[in-house]
Structures are given as structure tokens and as C-alpha cells.
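In: give me the fold of what follows.
(one chain, ligands or ions: 2)
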Amino acid sequence: MLPELRALGWGADFESDYQAFCQTLTPEAQPQVQPVRVVGTGRQIVHVRGAHGDTEARLAGTLRQEQVAPAIGDWAVLEGAGTGPGRLLQVLPRRTTFSRALGADEGRRPQAVRQQVIAANVDVVLIVTAPDADFDLDRLERYVQAVQASGARPVLVLNKADLRPDVGWYLNELQSLGAELEVHAVSAADGQDLDALQALLTEGVTLALIGSSGVGKSTLTNALLRREAAQTGAVRASDSQGRHTTTTRTLYLVPGGGLLIDNPGLRDIAVWDAAAADFDDLEDLAAQCRFRKCTHTTEPGCAVRAAVQAGEVSAARLAAFQTQQRKRR
Ligand SMILES: Nc1nc2c(ncn2[C@@H]2O[C@H](COP(=O)(O)OP(=O)(O)OP(=O)(O)O)[C@@H](O)[C@H]2O)c(=O)[nH]1
Ligand SMILES: [Zn+2]
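Out: Ligands and ions are numbered 1, 2, ... in the order given. Predicted coordinates for the structure are as follows:
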């Protein structure tokens, strides 16, 4: 396994899915493809990074028909990198999926339904709060549940610890959400106690931050990336017709190891669905999927995804269902 890929989060499970996909290609086509990670998304084009660096890619027609829009963090199969933009042939099954619940009016627009996955293959999510008016245990508990539903591991971060002489009470409250949960107090603004968060960023681990506006997510992101101020992630690129397109790059390699997704959609957690516990309707749908072991991510003939795309099932419920299925396997 190439170390460059491992640093991007590649692992044995992606490798086997990738090999399985390669088996479906002709022997001539096989040397033309490579696995890449989606680091930026745009309207026409995605920005990807592989073992040999960054490139742009268009979506293959088959991928567009499958209606699996590549999301930030996805692993995908790239064809023909080198001269001009390549083509993304396939999105590999996601290990974790952050989906946004769609409002009633949004649900009627198929275009919007296709945009539902906001981040894929996130391993750890920092749920950021502060010892001030933002602190709301009920809301934080919903965040923990949403992160767990996505398949990622939640870590609770009390930022702005410098605001209080003693944050013990806040830390106890956070810990009451689950004895197994990791809880940290930090001061992003002056770089205090960030070691524990840096320690989470081991090679190939993908981290994301959520929390309400103003709790210090940008400050924390900049501190972890060791950069001065928020950079704009816009990348100008040209597609095959020479038109300029813009992809927003929101997945970063962290100096010292790990990856960080800084995604406005992820921050907007307030609109997420609370995952319902009852999946009878989804079980019925899953029985109609073409593949018996369908994970409802990128497989063709998936009845569950079809229902999500039709707006009949919310993306958050699909994510929760997938988590439950994964735990059962
Ligand atoms: N006292 C104190 N203030 C902080 C700390 N971290 C961030 N702040 C301040 O909190 C304010 C909001 O910080 P941001 O990083 O912009 O918060 P955010 O969560 O990214 O906010 P949005 O971009 O609206 O989502 C800024 O004025 C920061 O300087 C900290 O550790 N201590
Ligand atoms: Zn399915």
C-alpha cells in the first residue's frame, strides 16, 4: 500500500473495494486508473488528490447516471490523470456518511436531493462548544447522536477555557453525555492545550469540526493547520472545454499527520434530522436492492437510495440505517 495513499486515509477496506471495481474493467483499462480522494467539490468538476498529487476530474457519465455525487472526503476511482482533467469512474463505498436532512420544499427538487451528502469518510468529529451562552447540553447530546449516526467518533471540545478560572463543572456536564466520550478543554485563541487534539490526528485520520457559530471552529482549524487566518479554499481550474470552474477545496492535510475537513455544510448541523430508531420501512426497501449485501452507498439498483433521491426518506435516516447495518455485520 502506497504511503502517500495511507497519509490520505486509504486503508485495507477501500483497497478491497477498489480491487473489486478494477476487476470489472478491461485489462487494458486497469493500468489507466488510480484511487484518489476528493478534496474539493465544484459544480462541474471535483478536485482530487492521489499518490501522485492533485488534479481535477470530471464525472463519468455512468457516475452521473448513478446519481452518486462525489462528496468531500470520498474515495473514488480516477481514470486518465496526467494530460488534462481525468474522469471519475466510481465512488467507493463510504465508511462514514454525513448527510443533511432536506426541508420539505427542498425535497421536491431532485437537484437538491442529490447534494445531500456533505462529507464522507470522516473518522473523528470535534463537537465544539464554549463555557458561555452557547453551552446547551441537550443540543450537544443531539450532536453526539448525529455524529454517531454518521459512523464517526464524536469528541467533545470545550473551547475558550480561558474565559473561566475553573471549567470543571462544564467538563463534568460534557462527560455526563457518555462515560466513553473523550472530553477536552482547550483555548484555541492562544493555542493552549491543543496537544490532545493534535494527538487525534494520526496518519490517515480524517477530522471534522461542528458546533454553533462563534464557538471558535475557525480559530481551532487554523491552530491545528498551523496557519495564520482562514484561507479561502477556492481553486480555479479549467474543464475540458476550457471553461473556468471553481472548486472549493475543504479537505486539508494537517502538518504532522491526519486530515481536516473544514466544510460550511458540516457546520450547519442545526438542520440535521435526529435519526429515528425505527427502520422497518428501510428494511422493506433494502429487501428490494439488487445486491443482497447492499450498503446503499454506491451500488447500482439500490432501492433505499432511490427512495432517498425521490425525497421519500431523509438522508439522515439513511445514514443512521447504514450505521445500524454496519454494527450488525
Ligand atoms: N476567549 C477566547 N476566544 C476565542 C477562542 N477561540 C476563538 N475565540 C474567539 O471567538 C470568536 C469566534 O471564533 P471563530 O473561530 O470565528 O468561531 P467559529 O465557530 O468559526 O464561527 P463561525 O465561523 O460563525 O462558524 C472570535 O472572536 C475568536 O477570536 C478562545 O480560545 N478563547
Ligand atoms: Zn441498497
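In: helices or strands up against the helix or strand where N222 lies?
Out: Assessed by DSSP states H and E, N222 sits inside helix 217-225. Counting contacts by 3 or more Cβ pairs under 8 Å, 6 or more residues apart in numbering; DSSP states H and E, helix 217-225 packs against strand 124-129, helix 195-200, strand 206-210, strand 259-261. The way it works is simple: take the backbone N, C-alpha and C, and place the C-beta from them, glycine included.
In: quick one: the helices in the stretch 1-150 of the chain?
Out: Ranges of helices within the stretch 1-150 of the chain are 3-7, 12-23, 61-66, 104-107, 110-114, 137-150, based on DSSP state H, counting those that start in this stretch.
In: distance of S213 from V128?
Out: Distance from S213 to V128, counting by Cβ to Cβ, to the nearest Å: 11 Å.
In: now mean pLDDT, distance to ligand 1 and mean neighbour count too, for the helices and strands packed on helix 217-225, in TSV please.
Out: Output for the helices and strands packed on helix 217-225, formatted as TSV (pLDDT from 0 to 100; distance: least, Cβ to the nearest ligand atom, whole Å; neighbours: other Cβ atoms under 10 Å):
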stretch	mean pLDDT	distance to ligand 1	mean neighbour count
strand 124-129	95	7	25
helix 195-200	95	12	15
strand 206-210	94	8	26
strand 259-261	94	13	24
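In: and the residue nearest to G178 when sequence neighbours are not counted, how many neighbours?
Out: Using Cβ to Cβ, 6 or more residues apart in numbering and skipping residues adjacent in sequence, the residue nearest G178 is V144, 6.8 Å away. Residues within reach of V144, counting by other Cβ atoms under 10 Å, total 19.
In: model confidence over the helix holding N222, on average?
Out: If you average the pLDDT over helix 217-225, you get 91.
In: run the chain-centre distance for that helix.
Out: Taking the mean of its C-alpha atoms, helix 217-225 sits 18 Å from the chain's own mean (Cα atoms, centre = their mean, to the nearest Å).
In: what comes into contact with that helix?
Out: 126, 128, 157, 159, 186, 188-189, 191, 194, 197-198, 201, 207, 209-211, 228-230, 252, 254-255, 260, 262, 267 (Cβ atoms under 8 Å, 6 or more residues apart in numbering).
In: what packs against the longest strand seen in the chain?
Out: Across the chain, the longest stretch assigned as strand under DSSP state E is strand 33-42. In terms of contacts (3+ Cβ pairs under 8 Å, 6+ apart), strand 33-42 is packed against helix 12-23, strand 45-50, strand 53-59, strand 75-79, strand 244-249, strand 251-253.
In: before we move on, back to that, most tightly surrounded among the helices of the stretch 1-150 of the chain?
Out: With neighbours taken as mean count of other Cβ atoms under 10 Å, the helices of the stretch 1-150 of the chain reach their highest mean count in helix 137-150, at a mean of 19.
In: how far does the next helix or strand after it sit from its chain's centre?
Out: Using DSSP H and E, the helix or strand that follows helix 137-150 in sequence is strand 153-158. Here strand 153-158 is found 16 Å from its chain centre; the criterion is Cα atoms, centre = their mean.
In: now the angle from strand 153-158 to helix 137-150?
Out: For strand 153-158 against helix 137-150, the angle by axes from the mean of the first three to the mean of the last three Cα atoms, to 10 degrees is 150 degrees.
In: do strand 153-158 and ligand 1 meet at all?
Out: No. For strand 153-158, no contact with ligand 1 is found by Cβ under 6 Å from any ligand atom; the gap never falls below 9.7 Å.
In: how about stretch 211-231?
Out: Yes. For stretch 211-231, a contact with ligand 1 is found by Cβ under 6 Å from any ligand atom, at G211, S213, G214, V215, G216, K217, S218, T219.
In: before I go, just wanted to say thanks for your time.
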